[in-house]
Each structure stands twice: as C-alpha cells, then as structure tokens.
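Enquirer: Got a sequence here, can you build the structure:
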Amino acid sequence: MHFRDKVDLLVRLAAQLTVPNFGTASAWSPEDGLDALTAGFGLIVAAHREHAAVRRAVAEAATYDETVREFWEQEINQFTEQTIRLLRIEQAEDRTPGDLEPVSATEIIVIGGERAIVEHVNTRPESTDPAFCAELARIWWYGAYRRPS
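Expert: Predicted coordinates:
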C-alpha cells in the first residue's frame, strides 16, 4: 500500500543505511584526526550490521535491476565526491602530498572500503569490529591522507 513495488521498498530501506552513514562520513574532517575517523567507521559498521540483510538485497538486486543499481551508484557517489573534495583540500593546504591522485585514491578507499565493510559484517563476529575499524581508519589516514606515523 505504501510502496509502488518491491524495488521502491528496497530503495527506501537502503536509504535507512546510507543516509546516516553519509551523515557520519561527511561530519568527519581530517582535522578531527585518526581517532575520530576510527569512531566514525565504528558507527558505519554498526549501521551495516543493523541493515545487513538490506545491503545484501541491494547487492543482489543491483545485478539485474537498473533502478537499484542507479540508486546504489548515486549513494556511493556521495561518499566519493566528498572524499575527493577532502583530499583536494588537504593537498591545497599541503597536508597531503601533491603526488596523490585524488580520484584513484578515492576509488580505492571508498569502493574498496565499502566492499570490505560488507564482507566483514557478513563473515566476522561483531567482537572483531573495533580492530577492523581501527585498521580501516589507518588505511585511510596513513594511506590516502598520507599522514606521518
């Protein structure tokens, strides 16, 4: 009664995962540091755990439904655009080296990170989340943002 079809329902359910995650991700800035990035990933992983079945359904439906695929690409693009913007700002402020290629780095850390989060949530117990989030944050911090250790 409230949805046109199953795709409409799935997209609305998936938005319950992506909207708060984008809010968490966009609230962080490099000035907040590694600990805040780790904490943010903790919130994102927790949201993925809460909505794991929906995320699996989106992954499956995106392979055959153009509406779901376009929705998911648009959601991921929010994270991608935000990360490219932050990396370019960091380069302009000389906090991230100029030899970093922001688009490629972003593809690796956003798409790779999202895939790693999904795999982690689907295969590892919740007790491993803190270590996973710390490693993911370090990859961003020391890898893409290239902060000295």
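
Enquirer: So Val100, which state does it fall into?
Expert: I think there's a mix-up here, since residue 100 is Leu and not Val. Leu100 carries the three-state label coil when classified by DSSP: H, G, I helix; E, B strand; the rest coil.

Enquirer: So it sits against Ala144, correct?
Expert: Yes - applying C-beta atoms under 8 Å as the test, Leu100 and Ala144 come out as touching, 7.0 Å apart. (Glycine included, C-beta is placed from N, CA and C.)

Enquirer: Give me the common contacts of the two.
Expert: Residues touching both Leu100 and Ala144 by C-beta atoms under 8 Å, 6 or more residues apart in numbering: Leu87.

Enquirer: Comparing those two, which residue is more hemmed in?
Expert: Remark: of Leu100 and Ala144, Ala144 carries more neighbours, 22 against 17, as counted by other C-beta atoms under 10 Å.

Enquirer: For the more buried one, give me its contacts.
Expert: Applying C-beta under 8 Å, 6+ apart to Ala144 gives the contacts 83, 87, 96, 100, 105-106, 108-109.

Enquirer: Just flag the most distant two among those.
Expert: Using C-beta to C-beta, the contacts of Ala144 span at most 14.5 Å, a distance reached by Thr96 and Ile108.

Enquirer: Comparing the two, which shows the higher neighbour count?
Expert: Thr96 (21 against 13).

Enquirer: In three-state terms, label the more buried one for me.
Expert: Under three-state DSSP, Thr96 falls in the coil class.

Enquirer: I'd like the distance between the nearest residue to it once chain neighbours are set aside and Gln82.
Expert: The shortest distance from Thr96 to any non-neighbouring residue, by C-beta to C-beta, 6 or more residues apart in numbering, is to Glu90 (3.7 Å). Going from Glu90 to Gln82 by C-beta to C-beta, to the nearest Å gives 13 Å.
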